[in-house]
Every structure is written in structure tokens, then in C-alpha cells.
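Novice: okay, sequence plus prediction incoming.
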Protein chains: 2
Amino acid sequence: MLRISKLTDYGTMILVHLAVHQGRLHSASDVAAGTRLALPTVQKLLKLLARSDLVRSVRGAEGGYVLARGPGSISAADILDVLEGPLSITECSTSDSRCELEDGCPVGGAWQKINRGIRGALGEITLADLAHPPREFPLVDLSGRTGRIRQRIPTS
Amino acid sequence: MLRISKLTDYGTMILVHLAVHQGRLHSASDVAAGTRLALPTVQKLLKLLARSDLVRSVRGAEGGYVLARGPGSISAADILDVLEGPLSITECSTSDSRCELEDGCPVGGAWQKINRGIRGALGEITLADLAHPPREFPLVDLSGRTGRIRQRIPTS
DNA sequence: CCATACTGGACTAAGATAGTCCCATATAGA
DNA sequence: TCTATATGGGACTATCTTAGTCCAGTATGG
């Protein structure tokens, strides 16, 4: 079902919260209050995010978290990479798992190609888009044509 | 990571096998031999697929399975629906789960919209495409424009 | 010094997934 | 009719993943 985990969903809420209230530090408690998520969960996720290059942290009293970059420079693919690991739609498309069926596998990497297509699309969606989503993300072209359809427009 | 389960991957292999060797019935043992998958797993998956409208079964001696429709009329979305249940990227986008955070949720259904976009794209990819995949499924447009980009072309 | 806040990791319960197996039912052909 | 060959339906288990919590350590401002 192409699902993302709850934690990734929560993580996205947290990032959106940081994007909307930019310009100052936010403690984990602040974020928990602002998003209505449980504090321990928020702490865990912020720790994770801070280890990536999406969020920066300041330790000590009066410390907290900020977005490391503008919301227009953080893509949905970035978020998924951090919160779910490098995304790959099937197990055999991850680099470290060898598929012993590969020779006879008639799918021949189609899922992997689909995955790259989806990943490309998610690279075009920014945190700014998530904070102010358009009415609809329309259909998508996986049909066979090549090339980028749209340049990313930094919103900050 | 937007991953699909192993069983869905296997199921796709099975469907591709049926698509490539169309026109006759295939027993589960045949399919297991042809795909090199374990027989019990193949049996389980074929039973599942036969309950859907993607595969038809004939019972008894000399029985077996066939695709219920041409490979050009079965989409990747169809396959995922059968093997993984109706696909939804987040928990709160499934109909039967109420999200108690919905009011304050700043994501505002962005993931759901992305999900619909991806789902639309997967509806355009057919089993025929999976059997003979193009060099690459290109990038995808989730940018904000509306409307179908391509009509599905039945290949059988 | 101490209250505040991040850091790193351990830990548990619950759920999903993968894989196997058994018995019932249907059918073709000897 | 009998039997071998199939599918149909479901139970069952081991393993892994996920969600969620908690604790001891470290940094820092006042």
C-alpha cells in the first residue's frame, strides 16, 4: 500500500510546525504542545531529524531546534530519506540485499523504475508545499517520456 | 520508504509469468517452477489473486489459473489493491480510522493528496508495461496542474 | 550551581509479515 | 466409480518491524 509509517507522518507534522513558526528555536516540549503529539515521541523524532541535515539543534538551557534550511529547500524525498531510510519500493532494489531470483525475475526491475519515478516526483514537493498544499497533486506521468517536467522553485 | 511487501513483489512476478505465457492454464506448481518461488507461497498468492478479478481459476484435475483480462487492462494500482489492500500512504487517509489530531494537523492531508497522485500514476502502468518495462519510468508531475496526462492504451 | 534542554541508546508491547501446512472440494480421465 | 490432480479456505508460527516510553549522560545560560 505504499504506506509511510506513523512516525514519518508525525515527523512531517513536526517539520511543518517548524516551517510555519520559523525564525526562533523550539524546544521539544514546545513542538509537542504545538502539534499535540506525545512528548517522548516528539523528542525521539527531533533527535532523529537533528542528526540529519534537515534540522539543527542547540543544546543547553534556552536551546531547541530549527530548520537547517528554508522550507522550499527541503523535499518530501528528503524527509522520507531521513525518517524511513533510503526509499526503495522492493527489497531487491536496495543495494545491500542480493536477489537470488534476479536471473529468472521477469519483473526485471520494473518496480525499481517505478520507484525512481515516484522518488523523482517526491523530490519536487517541498516542505513549503506540505505546509500550504495545493488543492490537489494531480496525476503523474510514468508513461515513458523522459526529462524533468518542472524545476523546483525555492520558496525561501 | 514507500515499500511494498515481498508478497506483493512475488505476486507481481506471478502475474507477469501468467501474462508472458498466456493462453493456457497454469497450475500452481507450474508457476512455482517458472518463477522459482516456493510452492506454498505461490499457492497462497494465486488463491488471493483468484479471489480478485485479476485471475480466474479452474478447479479439478487439469485445472489451473489464467489472467482474467489482458495484461494491458491490469494496472499496477489494481495489483497493489489486491495484494496490499486499498493503498493509502498514511493511516489517517484510510476511511475507517479517525484521526483525533485532524483539527490541529498542519499537514492538512498533503500526504493523502500525494498518495492520490501516485495512485493515479500507478493506474497508468499496466501489467504489459511490467512485463516489458521501458528503459525508465520518467519523473512525475506532482506540481499542481490538473488532469490526466495520458490515456491508458489497452494492449490486448 | 542548577534548571533547562538536547544526546544516545535501551527496552517493551503490539502488530504486521512471511512462510508453511492441513483438510475440504471439484474435476478429468482411466 | 475411483483416483490423481487441482484449487479453496483457513489455521498456525516464527520473526521482524513499529510505536512508544524511559533513563542516564552532556551542554549551556543565568
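Specialist: Now that the structure is in, tell me what you want to look at. These numbers come from a predicted model, not from an experiment.
Novice: C-alpha from now on. contacts and neighbour counts both.
Specialist: Will do.
Novice: chain A: helices as residue ranges?
Specialist: Secondary structure of chain A (DSSP state H): helices at A:6-20, A:28-35, A:39-51, A:76-84, A:110-124, A:127-131.
Novice: which of the ones you listed has the lowest mean pLDDT?
Specialist: Note on these: helix A:110-124 shows the lowest mean pLDDT, a mean of 80.
Novice: JSON lines for the helices of chain A, including distance to DNA strand C and mean neighbour count?
Specialist: Listed next are the helices of chain A as JSON lines, based on distance: least, CA to the nearest atom of the strand, whole Å; neighbours: other CA atoms under 10 Å in any protein chain shown:
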{"stretch": "helix A:6-20", "distance to DNA strand C": "11", "mean neighbour count": "21"}
{"stretch": "helix A:28-35", "distance to DNA strand C": "4", "mean neighbour count": "18"}
{"stretch": "helix A:39-51", "distance to DNA strand C": "4", "mean neighbour count": "17"}
{"stretch": "helix A:76-84", "distance to DNA strand C": "14", "mean neighbour count": "21"}
{"stretch": "helix A:110-124", "distance to DNA strand C": "14", "mean neighbour count": "22"}
{"stretch": "helix A:127-131", "distance to DNA strand C": "20", "mean neighbour count": "23"}
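Novice: would you mind giving those as a markdown table with distance to chain B added?
Specialist: Converted to a markdown table, the helices of chain A look like this (distance: least, CA to the nearest CA, whole Å):
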| stretch | distance to chain B |
| --- | --- |
| helix A:6-20 | 6 |
| helix A:28-35 | 7 |
| helix A:39-51 | 14 |
| helix A:76-84 | 5 |
| helix A:110-124 | 5 |
| helix A:127-131 | 6 |
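Novice: could you dump stretch A:37-48 to CSV, C-alpha only?
Specialist: Provided in CSV are the C-alpha atoms of stretch A:37-48 (Å, rounded to 0.1, in the frame of the first residue of the first chain):
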residue,chain,number,x,y,z
LEU,A,37,1.9,14.8,19.8
ALA,A,38,3.2,12.9,22.8
LEU,A,39,6.3,14.5,24.2
PRO,A,40,8.5,11.3,24.2
THR,A,41,7.6,10.7,20.5
VAL,A,42,8.5,14.3,19.6
GLN,A,43,11.8,14.0,21.4
LYS,A,44,12.7,10.9,19.6
LEU,A,45,11.8,12.3,16.2
LEU,A,46,13.6,15.6,16.8
LYS,A,47,16.7,13.7,17.8
LEU,A,48,16.5,11.8,14.6
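Novice: who touches that stretch?
Specialist: Outside stretch A:37-48, the residues that touch it by CA atoms under 8 Å, 6 or more residues apart in numbering or on different chains are A:L7, A:Y10, A:G11, A:I14, A:A28, A:S29, A:V31, A:A32, A:V55, A:Y65, A:V82, A:L83.
Novice: and those, which is closest to B:L49?
Specialist: Of all the contacts of stretch A:37-48, B:L49 sits closest to A:L7, with 31.4 Å by CA to CA.
Novice: for that closest one, list the residues it contacts.
Specialist: Here A:L7 is in contact with A:L45, A:L83 (CA under 8 Å, 6+ apart).
Novice: and it, how far is that from A:P40?
Specialist: Shown here: A:L7 relative to A:P40, a distance of 12 Å by CA to CA, to the nearest Å.
Novice: done for today, thanks.
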